[in-house]
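Trainee: Need a 3D model of the following:
(2 chains)
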Amino acid sequence: MMTLKLPIYMDNHATTPVDPRVLDTMLPYFTTEFGNAASRNHVFGWNAEKAVDQARDQVAALIGATGKEIVWTSGATESDNLAIRGVAEFYKDKGNHIITTQTEHKAVLDTCKFLEKQGFKVTYLPVKPDGLVDLDGLREAMTDKTILVTIMLANNEIGVVQPVAEIGAIVKQKGAIFHTDAVQGAGKIPFDVNACRVDLASISAHKMYGPKGVGALYVRRKPRVRLAPLILGGGHERGMRSGTLPVPLIVGFGRAAEIARQEMPDESKRLLALRERLRRQIQDAISETYVNGSLEHRLPGNLNISFAYVEGEAMMMALKEVAVSSGSACTSASLEPSYVLRALGIGEELAHTSIRFGLGRFNTEEEVDYVARLVIDKVNKLRELSPLWEMAQEGIDLKSIEWAAH
Amino acid sequence: MAYSTKVIEHYENPRNVGSLPKEDEGVGTGLVGAPACGDVMKLQIKVNLETDVIEDAKFKTFGCGSAIASSSLVTEWVKGMTLDQAMGVKNSQIAEELNLPPVKIHCSVLAEDAIKAAIADFKTKRAKRQAEATKKAG
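Mentor: The predicted model follows:
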C-alpha cells in the first residue's frame, strides 16, 4: 500500500493541478520559443504560430470541432461573457430574448443580468428536483424573439449533466443560437459540438490539468456564428478577441486537451468507481445523508452530499486535511446557501449541510478510503454536538418549531 | 477564510457540550437561531435557587466553527456568574476574545441571545412556580 500524503485534494471542480506532462510541453515556450505568434516576418513568430495552431487542433479535437473554430481567451468567464454579450450585441436587431437556467455558473447569470439592464429579456428556466432542465419548459419558453439559449453541459456544484443534444435540437428547430458552458464537462465526458448542435462552447484549461489563465470559446463556422468583440485591438483571433496570445499557456491547454481525450475512456471509469466507493462507504455508515442532483446523469468524479444536522462549514473544518467545498452559507460572502441547491428545491436547512467532493486524476483508492473513514467519524462527532440531531432523536419534528429568523 | 487560533482551539476541544434536564427547577434553556439560517444554539444553565449563581452550563450548536466556539466560550464564562452578571455578557466581548472577523459577528450575537434566552426561560419558570405557590397558599 502506498503511503498517504496529507493534505488530500478533493476539490477538482474548483481547479486541477497542471499535469507534469503538460508542464514539460509548456516550458520551452517561456524561454527559447518565446516568439509572438502574431510576428509574421521571422522564425520566432512562425514557431509560436505553429505551436498555437497545433494547440488549436488539439483543443478542437476534444470537442469534435476544427482548429479554426477555436478562439483563445483568458478563461471560461471571459468565454461566457464573449459568447453571451457578443451574440446579444451582434444579433440585437433579430430579437431581444435570451434563455438560460437558474443553476448556471455566475459567469453566465451575471452576464445575463447585465444584459437585462441593457433592455434584453432573460428567462431563467427552473430545473427539476434532479437538477435537469425540463425540455418542455424550454420549448414553451422559446419565442420568435429568442436569439440565444445558454445552458451548461455539466454543473460545477452538483455535477449534473444536462441533455445537451436534446436541448440543441430544440434550439436549432427554433433557429436560435445555442451556447453551452462546457467548463466542467469537457475533458471529463464525451462532448461533440456537432452531435449536440452547439454554436458556442466555453472551455477552460485549468479544469483539465492545464494552466490557469487560458480558456477557449468554440465559435461555429458552418453556419457561421458572428460575435461582437469585447476586447478591441490588433484584430487577433479573427477580430473576436484582440491581445497577444499567451503561447506557453495555449500550448499547455492543447496538450492537456490531448491527454484528456486519449485517457477519457479509462479515466472516467476509474473516477466513477472511486466516486461510488466513496459514496457507498459514507451512505452505508451514516443515516440521513442525501445526494444532491441526479446520480445517473452526473460527472463521474462528482459527489455532492448533504449530511442532515451537520453544518457544512463546521464539517469542512473537521475535515481540515481534506480540501473539499460546501454549499453552506458560511462559506460564501453573501451568507446565502447555494442557489444551485435551492433551485433543486432543497430546503435551506439541508443546503447548509452539503459537501462537494470533486475527485480527479491524481486521487487514489487509499485517499478515498481515508476520506470516507474521516467523514464518518466527524459526522458522528458533530451530530453529538448538534441540537437538531438531539431533537430529531427525541422525535421532535423540526418543522413544527417556530424558529426565530435572524 | 483562516480561523483564529482561539476559534480552532474551542472548536477542537469544545467545553461543556451536552444537555441538562430541562424540566428541573433550576434549569433554564435557550434555543436560538434557525436551521434555515445555518445556525442553531441550545444553551442551558443550572441556577442555584438560593443564590442565583449559575452553577453549570451546557450547550449544543448546529453551525460553523465560529458559532461552536462562541457558544463554548460563553458557557465557560457564565459558570459562577450570578444571573445579573450573565445578563451583562456582550457579543462584542465574545467577538473580541475569539478574534471573529466581521462576517462572523452574528455568531457572537447568537451566543449572547442564547444566554439571555436561557436566563429568561429560567425566570419564566420561576415566576410560574411562584404564582402557583401563591395560588395554593391562598
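
Trainee: Show me how far stretch A:221-233 is from its chain's centre.
Mentor: 23 Å (C-alpha atoms, centre = their mean, to the nearest Å).

Trainee: Just the buried positions in that stretch, please.
Mentor: Across stretch A:221-233, burial judged by 16 or more other C-beta atoms under 10 Å in any protein chain shown covers A:V225, A:L227, A:P229. Yep, even glycine has a C-beta here, placed from its N, CA and C like the rest.

Trainee: what about B:I8, which SS state?
Mentor: helix (DSSP: H, G, I helix; E, B strand; the rest coil).

Trainee: Settle this for me: it is touching B:G65, isn't it.
Mentor: Yes: counting by C-beta atoms under 8 Å, B:G65 is a contact partner of B:I8 at 7.3 Å.

Trainee: list the buried ones in the host helix or strand of A:R280?
Mentor: Assigned by DSSP states H and E, A:R280 belongs to helix A:247-285. In terms of neighbour count (16+ other C-beta under 10 Å), helix A:247-285 has its buried residues at A:247-261, A:264, A:267-268, A:270-271, A:274-275, A:278-279, A:281-282.

Trainee: Repeat that for stretch A:161-172.
Mentor: A:V161, A:Q162, A:P163, A:V164, A:I167, A:G168, A:I170, A:V171.

Trainee: tell me the centre residue of chain B?
Mentor: B:I115 (3.3 Å; C-alpha atoms, centre = their mean).

Trainee: Just the buried residues of the host helix or strand of that one, please?
Mentor: Secondary structure from DSSP H and E places B:I115 in helix B:105-137. Buried residues in helix B:105-137, counted by 16+ other C-beta under 10 Å: B:105-119, B:121-122, B:125-126.

Trainee: Quick one: distance of it to the chain centre.
Mentor: 11 Å.

Trainee: Who are the packing partners of that helix?
Mentor: strand B:27-34, strand B:39-47, helix B:65-78, helix B:83-87, helix B:91-98 (3 or more C-beta pairs under 8 Å, 6 or more residues apart in numbering or on different chains; DSSP states H and E).

Trainee: These into JSON lines, with extra columns for distance to chain A?
Mentor: Output for the helices and strands packed on helix B:105-137, formatted as JSON lines (distance: least, C-beta to the nearest C-beta, whole Å):
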{"stretch": "strand B:27-34", "distance to chain A": "3"}
{"stretch": "strand B:39-47", "distance to chain A": "4"}
{"stretch": "helix B:65-78", "distance to chain A": "4"}
{"stretch": "helix B:83-87", "distance to chain A": "19"}
{"stretch": "helix B:91-98", "distance to chain A": "12"}
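
Trainee: Serialize the ones you listed to TSV and add fields for mean pLDDT and mean neighbour count.
Mentor: Shown next, in TSV, are the helices and strands packed on helix B:105-137 (pLDDT from 0 to 100; neighbours: other C-beta atoms under 10 Å in any protein chain shown):
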stretch	mean pLDDT	mean neighbour count
strand B:27-34	96	22
strand B:39-47	97	26
helix B:65-78	96	27
helix B:83-87	97	16
helix B:91-98	96	18
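
Trainee: got the ones you listed as TSV, with distance to A:R241 columns?
Mentor: Shown next, in TSV, are those (distance: least, C-beta to C-beta, whole Å):
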stretch	distance to A:R241
strand B:27-34	47
strand B:39-47	45
helix B:65-78	43
helix B:83-87	63
helix B:91-98	47
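
Trainee: and of these, who's closest to A:W389?
Mentor: A:W389 lies closest, by C-beta to C-beta, to one member of those: strand B:39-47, at 10.4 Å.

Trainee: any idea of the mean pLDDT for the helix or strand just after the closest one?
Mentor: Downstream of strand B:39-47, the next assigned helix or strand under DSSP H and E is strand B:54-62. On average, the pLDDT along strand B:54-62 is 98.

Trainee: With stretch A:101-108 instead?
Mentor: Averaged across stretch A:101-108, the pLDDT comes to 97.

Trainee: Buried by neighbour count: which residues of that stretch qualify?
Mentor: A:T101, A:T103, A:E104, A:H105, A:A107, A:V108.

Trainee: same for the helix or strand where the last one lies, what does it pack against?
Mentor: Counting by DSSP H and E, the secondary-structure element that holds A:V108 is helix A:106-117. Counting by 3+ C-beta pairs under 8 Å, 6+ apart, the packing neighbours recorded for helix A:106-117 are helix A:76-90, strand A:97-101, strand A:121-125.

Trainee: Which one, of those, ends up nearest to B:T82?
Mentor: Closest approach to B:T82 among the helices and strands packed on helix A:106-117 (C-beta to C-beta): strand A:121-125, 55.7 Å.

Trainee: which element follows the closest one toward the C-terminus?
Mentor: Next along from strand A:121-125, by DSSP H and E: helix A:135-141.

Trainee: Can you name the residues in contact with that following helix?
Mentor: With C-beta atoms under 8 Å, 6 or more residues apart in numbering or on different chains as the test, helix A:135-141 has contacts from A:I99, A:T123, A:L125, A:P126, A:V149, A:I151, A:P163, A:E166, A:I167, A:I170, A:V171.

Trainee: next one: stretch B:128-138
Mentor: Stretch B:128-138 has contacts (C-beta under 8 Å, 6+ apart) with B:E25.

Trainee: Kindly format the C-alpha coordinates of that stretch as PDB.
Mentor: Output of stretch B:128-138 as PDB, limited to C-alpha atoms (Å, rounded to 0.1, in the frame of the first residue of the first chain):
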ATOM      1  CA  LYS B 128     -44.800  30.500  37.200                       C
ATOM      2  CA  ARG B 129     -43.800  28.300  40.200                       C
ATOM      3  CA  GLN B 130     -44.200  31.300  42.500                       C
ATOM      4  CA  ALA B 131     -47.600  32.100  41.100                       C
ATOM      5  CA  GLU B 132     -48.700  28.600  41.600                       C
ATOM      6  CA  ALA B 133     -47.400  28.500  45.100                       C
ATOM      7  CA  THR B 134     -49.200  31.800  45.900                       C
ATOM      8  CA  LYS B 135     -52.400  30.300  44.400                       C
ATOM      9  CA  LYS B 136     -52.100  27.200  46.600                       C
ATOM     10  CA  ALA B 137     -51.300  29.200  49.700                       C
ATOM     11  CA  GLY B 138     -54.300  31.400  49.000                       C
END
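
Trainee: what angle do the helix holding B:I115 and helix B:65-78 make?
Mentor: 40 degrees (axes from the mean of the first three to the mean of the last three C-alpha atoms, to 10 degrees).

Trainee: how much space between B:G18 and B:L43?
Mentor: 11 Å (C-beta to C-beta, to the nearest Å).

Trainee: Next, show the common contact partners of these two.
Mentor: In contact with both B:G18 and B:L43: B:K58, B:F59, using C-beta under 8 Å, 6+ apart.

Trainee: and the nearest residue to B:D84 once chain neighbours are set aside, backbone torsions?
Mentor: For B:D84, ignoring the flanking residues on the chain, the nearest one in space by C-beta to C-beta, 6 or more residues apart in numbering or on different chains is B:D52 at 7.4 Å. Main-chain dihedrals, B:D52, degrees, to the nearest 10: phi 60, psi 20.

Trainee: Now, the buried residues of stretch A:221-233 that are in strands?
Mentor: Judged by DSSP state E, strands contain none of these.

Trainee: buried ones in stretch A:10-27?
Mentor: A:M10, A:D11, A:N12, A:H13, A:T16, A:V18, A:D19, A:V22, A:L23, A:T25, A:M26.
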